[in-house]
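J.: Take a look and give me a structure for this.
(2 chains)
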Amino acid sequence: MTVVWTADQPIVKCTDVRKSYGAFEVLKGISLSVSKGEVVCIIGPSGSGKSTLIRCINALVPITLGTIHVQGIDVTDPQLDKLALRRKVGMVFQQYNLFPHKTALQNVMMAPLHVLRQESKAVEERSRALLAKVRLAGKEESYPGELSGGQQQRVAIARSLAMRPDVMLFDEVTAALDPETVKEVLVTIRELAEEGMTCILVTHEMGFAREVADHIYFTDHGVIVEHGPPATFFTEARDERTRRFLSQVL
Amino acid sequence: MQVIVKWAPLLLTGFAFNILISAFAMLLGTIAGLGLGLGLLSDRWLIRQVSWTLTQIFRNAPWLVLLFFVMFLVPFQVTVFNVHIPFPDWVKATVGFALPVMANVAEVVRGAVRSVPSTQWEAAESLAFTRRQIMWRIILPQCIKRMLPPWMNIYSLVAMSTVLASIVGVSEMLTLTAQVHAAEGGRPELFAPLYGFALLCFFLYCYPINLWTAHLERSFQTH
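T.: Below you'll find the predicted structure:
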C-alpha cells in the first residue's frame, strides 16, 4: 500500500471514532485532527475516554467504528502494519513503565537497537545525548528503581524520542508525580513542543495546557463537548459542562 | 559403623549417580518446560490447548507411573541409519523424571510471565517491539528472579525422587544400599545404619538447597 501524505494534511485525523467494551460505549463518535507541529491537549473528567482515545491512535486499543489516519496510514485497516505505525508514534505513560531490569541508558537504547536494528555505537551516542537533553546526564547507569518519579518519566520521554517519532502521545504523564517533580517533566515537554514536535497530551495540568497548547479539546462521556485555542477556550467556554469542569480545576 | 565406612565409597558413587540423574532431568525438563510454558502463553489457540493438555497430564500423574511408562515404552536402543543409539536404564530414568519437571517448570514460567504487569507489554508494544522480542528481551529477563525459588524447589523434589529409580533397577544409591545390605548377610541390625546413611546424604544435600530457596524468597519479597 502506498501512502500519500503531505505535510499540509493533518498528521493525525480521527473521524467519528467509537469504542465499546461490551455494552459500554467509551467513545461515542470522536472527530479531531492534528496538524504537523501542533500541540493538542485533551482534557476532561476521569472516565471520559481520554486515555482510551490516545491508545487508539497507536493501535494499542482497536476501535469499534470510525477511522483514524496517522500520516495517511489507516489505523483501522485489518492489514495494518502495527509495527510500522508504532515506529512513527511515540507514547509516554502515566506510570512511566520503564523496563526495571535495564539501566536508564539501556532503556533508551533498546528500541533503536532491536527494533530499528541501528548500529550500537551510534545508538549509544544518541541515547546519551537524549538523556542529557532531558537533563539526566550522569544517570545513565541508574536503574529505574533508583530514580525519582520525575526522573523516570524523563527517561521514558527519552526512550520514546530515541525512535525519532513523528507524533508523541502523552497519557497523563504528570498524574503520578509529586508536585515538585511535575515541573521538570513539563519543562521537557515544552521544549519538545517548541522544537516543533507534534504532541497530543491527555492532561490535568490546566496551566500547562493554556501555555503550551495550540488547541484544546474538552471531552466528557465519550464525546468532544467543546474545543478551541486556549485563548478563547478558557475564557469563553459556552457549554455548561465545560464551564463547570473549568470552575472545579482552575 | 565399620560396615558403612567399608561400603561408603560404593554408596557415595551411587549417590553421585542420583545427583547426576537429577541434574540432567532438571536440565532437560527446564528446557522443555520453558518451551511448554511459552506454549501456554501463545496467542494461537491450538498451541495453547496442546500445551495445556500436556502440562496437565504430566503434572497430575504420579512420578513413578511416568517413570514406568518411560522405562517400558522406550526401547533400550534406537537405530537410525544403521547407527545404534543405546538408551541405558539411567538415561530412560532421567527422561522419566524430566517429564514431570517439564510440566512443573511450564507452570512456573506461565505464572511468572503473568505476574509481570501488563503495562510492560503496553510500553514495549508502543515502541514497536514484536511479541517475540517483548517476551525474550523484556518479560522473561524480569521473570528469572521470580522463577528461581520455585525452580529450586522443583529441583529438590527431583533429587529426592531419584531413589524411585531403584524400583526399575538403576544402580543408584538406594539400589546399592539394598545390595550392600544383602551382601552383609541381611542382618537386621544393619538396616538402620545403612538406610540412615542414605537418608543423611539426601538430607545434607537437599536441606541447604531449601534453606537457600527460602532465603531467596525472603530477599525478593523485600525488593
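J.: tell me which residues form a beta bridge with A:His227?
T.: Counting by DSSP bridges, A:His227 is bridged to A:Tyr217.
J.: measure it to chain B for me?
T.: Per C-beta to the nearest C-beta, to the nearest Å, A:His227 is found 25 Å from chain B. (Each C-beta comes from the backbone N, C-alpha and C, glycine too.)
J.: That residue against A:Thr219, yeah?
T.: No. Look at A:His227 against A:Thr219 with C-beta atoms under 8 Å: they stay out of range, at 9.1 Å.
J.: So what sits opposite A:Asp171 in the bridge?
T.: A:Val202.
J.: what does the longest helix anywhere in chain A contact?
T.: Counting by DSSP state H, the longest helix found in chain A is helix A:179-194. For helix A:179-194, the external contacting residues (C-beta atoms under 8 Å, 6 or more residues apart in numbering or on different chains) are A:39, A:133-135, A:148-151, A:153-154, A:157, A:161, A:168, A:170, A:173-174, A:177, A:199, A:201, A:205, A:208, A:211-212.
J.: which of those count as buried?
T.: A:39, A:133-134, A:149-151, A:153-154, A:157, A:161, A:168, A:170, A:173-174, A:177, A:199, A:201, A:205, A:208, A:212 (16 or more other C-beta atoms under 10 Å in any protein chain shown).
J.: Out of those residues, which are close to chain B?
T.: Residues of the buried ones among the contacts of helix A:179-194 in contact with chain B (C-beta under 8 Å from any C-beta of the partner chain): none.
J.: more crowded one of A:His227 and A:Thr219?
T.: A:Thr219 (24 against 17; other C-beta atoms under 10 Å in any protein chain shown).
J.: Pretty sure A:Gly29 sits in a helix.
T.: No. Checked against DSSP: H, G, I helix; E, B strand; the rest coil, A:Gly29 lies outside a helix; its state is strand.
J.: Would you agree it is in contact with A:Asp16?
T.: Yes. In this structure, A:Gly29 is within contact of A:Asp16 by C-beta under 8 Å, at 4.8 Å.
J.: quick one: common contacting residues for these two?
T.: A:Gly66.
J.: what about B:Thr130, how many residues close to it?
T.: Neighbour number of B:Thr130 under other C-beta under 10 Å is 15.
J.: Same check on B:Ile139?
T.: 20.
J.: Helices along the chain, start to end?
T.: Using chain A. A:50-57, A:82-88, A:104-114, A:120-133, A:149-161, A:179-194, A:206-212, A:230-233, A:240-249.
J.: that's the wrong chain, I meant chain B
T.: Going by DSSP H, chain B shows helices at B:2-40, B:45-59, B:63-73, B:89-115, B:118-126, B:131-133, B:140-161, B:173-183, B:188-221.
J.: Can you tell me which of these is packed in deepest?
T.: Of all these, helix B:89-115 carries the top mean neighbour count, a mean of 22, counting by mean count of other C-beta atoms under 10 Å in any protein chain shown.
J.: what about that one and chain A, touching?
T.: No. Contact between helix B:89-115 and chain A is absent, the nearest approach being 12.9 Å (criterion: C-beta under 8 Å from any C-beta).
J.: Could you list which residues are in contact with A:Gly29?
T.: A:16-18, A:66, A:222-223.
J.: Of these, which are in range of chain B?
T.: Okay, of those, nothing touches chain B (C-beta under 8 Å from any C-beta).
J.: Distance to A:Ile54, neighbour count and pLDDT added to these, as JSON lines?
T.: JSON lines is the format used below for those (distance: C-beta to C-beta, whole Å; neighbours: other C-beta atoms under 10 Å in any protein chain shown; pLDDT from 0 to 100):
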{"residue": "A:Asp16", "distance to A:Ile54": "17", "neighbour count": "13", "pLDDT": "92"}
{"residue": "A:Val17", "distance to A:Ile54": "11", "neighbour count": "25", "pLDDT": "93"}
{"residue": "A:Arg18", "distance to A:Ile54": "15", "neighbour count": "16", "pLDDT": "93"}
{"residue": "A:Gly66", "distance to A:Ile54": "15", "neighbour count": "18", "pLDDT": "92"}
{"residue": "A:Gly222", "distance to A:Ile54": "14", "neighbour count": "23", "pLDDT": "90"}
{"residue": "A:Val223", "distance to A:Ile54": "16", "neighbour count": "15", "pLDDT": "91"}
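J.: Any chance of these in JSON lines with distance to A:Glu240 as columns?
T.: Formatted as JSON lines, the contacts of A:Gly29 follow (distance: C-beta to C-beta, whole Å):
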{"residue": "A:Asp16", "distance to A:Glu240": "24"}
{"residue": "A:Val17", "distance to A:Glu240": "24"}
{"residue": "A:Arg18", "distance to A:Glu240": "24"}
{"residue": "A:Gly66", "distance to A:Glu240": "27"}
{"residue": "A:Gly222", "distance to A:Glu240": "18"}
{"residue": "A:Val223", "distance to A:Glu240": "14"}
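J.: ok, how many other residues are close to A:Lys13?
T.: Using other C-beta under 10 Å, A:Lys13 is surrounded by 18 other residues.
J.: which bits of chain B sit near chain A?
T.: B:119-120, B:122-130, B:133, B:137-138, B:141-142.
J.: again, only this time at 7 Å
T.: Counting by C-beta under 7 Å from any C-beta of the partner chain, the positions of chain B adjacent to chain A are B:119-120, B:122-123, B:125-130, B:133, B:137-138, B:141-142.
J.: What helices and strands are in contact with the lowest-mean-pLDDT helix or strand in chain B?
T.: Every helix and strand of chain B was ranked by mean pLDDT, DSSP states H and E. The lowest is strand B:77-80, at a mean of 72. Applying 3 or more C-beta pairs under 7 Å, 6 or more residues apart in numbering or on different chains; DSSP states H and E, one finds that strand B:77-80 contacts strand B:83-86.
J.: Which neighbouring elements make contact with the strand it packs on?
T.: strand B:77-80.
J.: what about A:Ala231, distance to chain B?
T.: Distance from A:Ala231 to chain B, by C-beta to the nearest C-beta: 32 Å.
J.: Report how many residues lie close to that residue.
T.: 10.
J.: Dump the helices of chain A into JSON lines; add distance to B:Thr55 and mean pLDDT as well.
T.: Output for the helices of chain A, formatted as JSON lines (distance: least, C-beta to C-beta, whole Å; pLDDT from 0 to 100):
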{"stretch": "helix A:50-57", "distance to B:Thr55": "33", "mean pLDDT": "92"}
{"stretch": "helix A:82-88", "distance to B:Thr55": "30", "mean pLDDT": "92"}
{"stretch": "helix A:104-114", "distance to B:Thr55": "30", "mean pLDDT": "95"}
{"stretch": "helix A:120-133", "distance to B:Thr55": "39", "mean pLDDT": "95"}
{"stretch": "helix A:149-161", "distance to B:Thr55": "36", "mean pLDDT": "95"}
{"stretch": "helix A:179-194", "distance to B:Thr55": "45", "mean pLDDT": "89"}
{"stretch": "helix A:206-212", "distance to B:Thr55": "51", "mean pLDDT": "88"}
{"stretch": "helix A:230-233", "distance to B:Thr55": "57", "mean pLDDT": "87"}
{"stretch": "helix A:240-249", "distance to B:Thr55": "51", "mean pLDDT": "84"}
